[in-house]
Structure formats: structure tokens, C-alpha cells
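Trainee: generate a structure from the sequence data that follows.
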Amino acid sequence: MSPDRHDPAPSHATAPPPMSKEAFRSLYDRLRAQALAGGTDRRSGTLSRLTPERVVAAAAGVRSGRTVSLAAPVETSPGPDDPHPASHSMIAPADGDADGHGLRFALDRFAMNVHGDADSHLDALCHVIFDGELYGGVPASTVTPDGAGALTVDLVRDGIVGRGVLLDIPRLRGVPWLDPGDAVTADELAAAEAAQDVTVGPGDLLFVRVGHRLRRRSLGPWDAARARAGLHPGAMDFLAERGVAALGSDGNNDTAPSVVADVAFPVHVLAVQAMGMHLMDYLDFEELVPVCEQSDRRHFLCVVAPLRLPSATGSPVNPIAVL
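Mentor: Now for the predicted structure:
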């Protein structure tokens, strides 16, 4: 079957438990109240948990000095999950201009739909609007056609550096990947901790593998906007209890179809808008997994350096794990 006609219907996934609109609203109100009452900063959100002491401790955990990228190669060809891919063009030299003596420069131009379903990116705190507000009650009117005026990706211009923890859910389940439509629960996050002998703690950067990238490479791309594996919104309780600073996944973090009626991206709403947590979507852990297996460690120093885009709602990102 050709990649652009791949059927995303689940083959062995267990249907995730639905969440009523009332239950979602209750969870939203509780997590939002906790975030605004204390433990997070109204400007930087959960990144306020990344204290200098925690950064130093994460750096002290480096053993081999090996570095691994957690980003996927940028896509420049259209596909069922990427109808508007990034564009890359050479603007110099023109044909024949590089020949001969003297100095020449090769120049290129790049453009990207940052929040697509294929490329690795970071969501700023101004990315999610819910009930007319951004995180911390900032009015949605601060986001205009000219750019965002508050909570932009510029908040992380100095980078995000801390202890990264990888929880591998397919490994826990004994499958290569989770099928589209499946969802990771809070209990599974706790079970993955125990199985991998690691504990998620305050200020950690949590990375949850669902196997999206491996499935895409094995079976071909599909319409991930319509069907994908992700986290169940109830799993956000786990992150709140552990004091996680940022969340990343090799998928979108949200499962599709959504388990909450009339809320298409409940994890984005809870994480970004309610809790003030930066998200990293569509990362790639397939190079990291064997390194973690070889070293028998699922935690590492992680360095995330978004582009300096003062009024943007997100950025392409290439997190680096240092083991």
C-alpha cells in the first residue's frame, strides 16, 4: 500500500476511556487554580521550576558526554500529514556563478508552518487560546495578525536546560508503537517509571514516547490530524503532581480523535493554557532509545534552544540529549 493511502485505523489499540465535558472542565479548573495559586510563575509558567540548582544537578549527571538529537529531519515534500511542508530554496549562487576565481557564497531561504503535524517544534504559552484567554488570564486580544504581544517564544530565548526523562510506553506494553487513536494514561506513566527504574521529579523535562516516528517510517505517513496516539488528558494530573517543567512527545501530545467531546486538543489546553507548560510536538526518540538501553539510563541532561522570534507562537526546535 502506498504511504499516502495508508489506513490510520487502529489495529491493536485499546480504545482510550472517554472524558465527559464536565470532567474535563473540573480537571481544567483544578489544574489552572493550582498553577495560578503557586509553584509556577505567571510569566514563565512551569519553567520557573527549572531552578539553577536543578540545572547544575542535571549537568552533574552527564557520564559519557554523548549527544543525541531529539528532532526529526525537517520535511520539505508534501504528504498526508504535511500538506504544507517547509520550503527550502537556494538563492545563490546562480547557475555557473560558482565557477572561476574569487569569493562566492552559497545562500538559501527557509520557511515553515511551525505548528504542523510533521516537523519538530515547541509551542509557546501564547499558542493556545481557551475561553478567550491565554495562560494566566492574559487576553487573547494580545495575539494579532502582526504577532503575539505576550507569552511568546521569546520567553525561552535563553533556552530550556534541565534533566530530561524518557518514558517509553511501547516498551512498557511490549509493542513497537501505539496505534493512532490510542492514549497514554497517568497509571501508564507511573508504570513506565517503575519498569525503567526512573522517577520523574520537580523541574524535569518529561519526554513520552508513543512510537509515532517508528510507525511513520515503517508504514508510511498518514493523516495524523485525524488519527494519532498521544496522552489522555487525565495524564496531566501526573505531570502536575510531579512538578514537571516541560513536556515533549514524538507525536502531538494529544490523541486523535479527542476523548473529550468539543475539545479537540485537551492536553494542549491543560498543559499550555491552564498550567503554563511549554510543549514540544513531533520529536524523534528513535536514536535516543538504543543509547538509553546501552547505558541503562532513561534520564539525561537536555538542552532546548528555540529560535529567537520575539512575537512568535512557537519555533522549530532541536533538543539535544547529553548522556
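
Trainee: drop to CA atoms for contacts and neighbour counts, all remaining ones
Mentor: Noted.

Trainee: at which residues are the helices of the stretch 1-150 of the chain located?
Mentor: With DSSP state H, counting those that start in this stretch as the definition, the stretch 1-150 of the chain shows helices at residue ranges 21-37, 52-60.

Trainee: okay, now the unreliable bits of the stretch 1-150 of the chain?
Mentor: Per-residue confidence for the stretch 1-150 of the chain (pLDDT under 70) gives these ranges: 1-14, 38-43.

Trainee: quick one on the thing from earlier: reformat the helices of the stretch 1-150 of the chain as a markdown table; add distance to L134 and mean neighbour count.
Mentor: Compiled in a markdown table, these are given as follows (distance: least, CA to CA, whole Å; neighbours: other CA atoms under 10 Å):
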| stretch | distance to L134 | mean neighbour count |
| --- | --- | --- |
| helix 21-37 | 11 | 16 |
| helix 52-60 | 27 | 15 |
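
Trainee: so which of those is nearest S87?
Mentor: Evaluated over those, closeness to S87 peaks at helix 52-60, with 35.8 Å, by CA to CA.

Trainee: any idea which of the helices of the stretch 1-150 of the chain gets closest to T46?
Mentor: Go through these one by one with CA to CA and the one that ends up closest to T46 is helix 21-37, at 8.1 Å.

Trainee: adding distance to Q196, write the helices of the stretch 1-150 of the chain out as a markdown table.
Mentor: Formatted as a markdown table, the entries for these read as follows, by distance: least, CA to CA, whole Å:
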| stretch | distance to Q196 |
| --- | --- |
| helix 21-37 | 27 |
| helix 52-60 | 18 |
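
Trainee: buried residues in stretch 246-260?
Mentor: 246-260 (16 or more other CA atoms under 10 Å).

Trainee: before we move on, the earlier item: do you know which of the helices of the stretch 1-150 of the chain lies nearest H115?
Mentor: Taking these one by one with CA to CA, helix 21-37 is closest: 23.0 Å.

Trainee: need the max-distance pair from the buried residues of stretch 246-260.
Mentor: The most widely separated members of the buried residues of stretch 246-260 are A246 and P257, with 23.6 Å between them, by CA to CA.

Trainee: can I assume A235 sits in a helix?
Mentor: Yes. Per DSSP: H, G, I helix; E, B strand; the rest coil, A235 lies within a helix segment.

Trainee: which ones are touching it?
Mentor: Applying CA atoms under 8 Å, 6 or more residues apart in numbering to A235 gives the contacts V184, T185, A186, D187, L189.

Trainee: and it, what's its pLDDT?
Mentor: For A235, the pLDDT comes out at 98.

Trainee: same question for the one 10 residues further on.
Mentor: According to the model's per-residue confidence, A245 sits at a pLDDT of 97.

Trainee: of the contacts of A235, select the buried ones using a PyMOL command.
Mentor: What follows is the PyMOL syntax selecting those of the contacts of A235 that are buried according to 16+ other CA under 10 Å:
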select buried, resi 184+185+186+189
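
Trainee: just the contacts of A235 now: which is nearest T67?
Mentor: Nearest to T67, judged by CA to CA, of the contacts of A235 is L189 at 25.1 Å.

Trainee: ok, that closest one - contacts?
Mentor: L189 makes contact with L167, I169, A235, F238 under the criterion CA under 8 Å, 6+ apart.

Trainee: quick check: the first one is in a strand.
Mentor: Yes. In this structure, L167 lies within a strand as judged by three-state DSSP.

Trainee: residues in contact with it?
Mentor: Contact criterion CA under 8 Å, 6+ apart gives L189, A192, E193, Q196, L206, F207, V208, R209, R298 as the residues in contact with L167.

Trainee: on that earlier part again, which single one of the contacts of L189 is nearest to H121?
Mentor: Closest to H121 out of the contacts of L189 is L167 (19.4 Å), distances taken as CA to CA.
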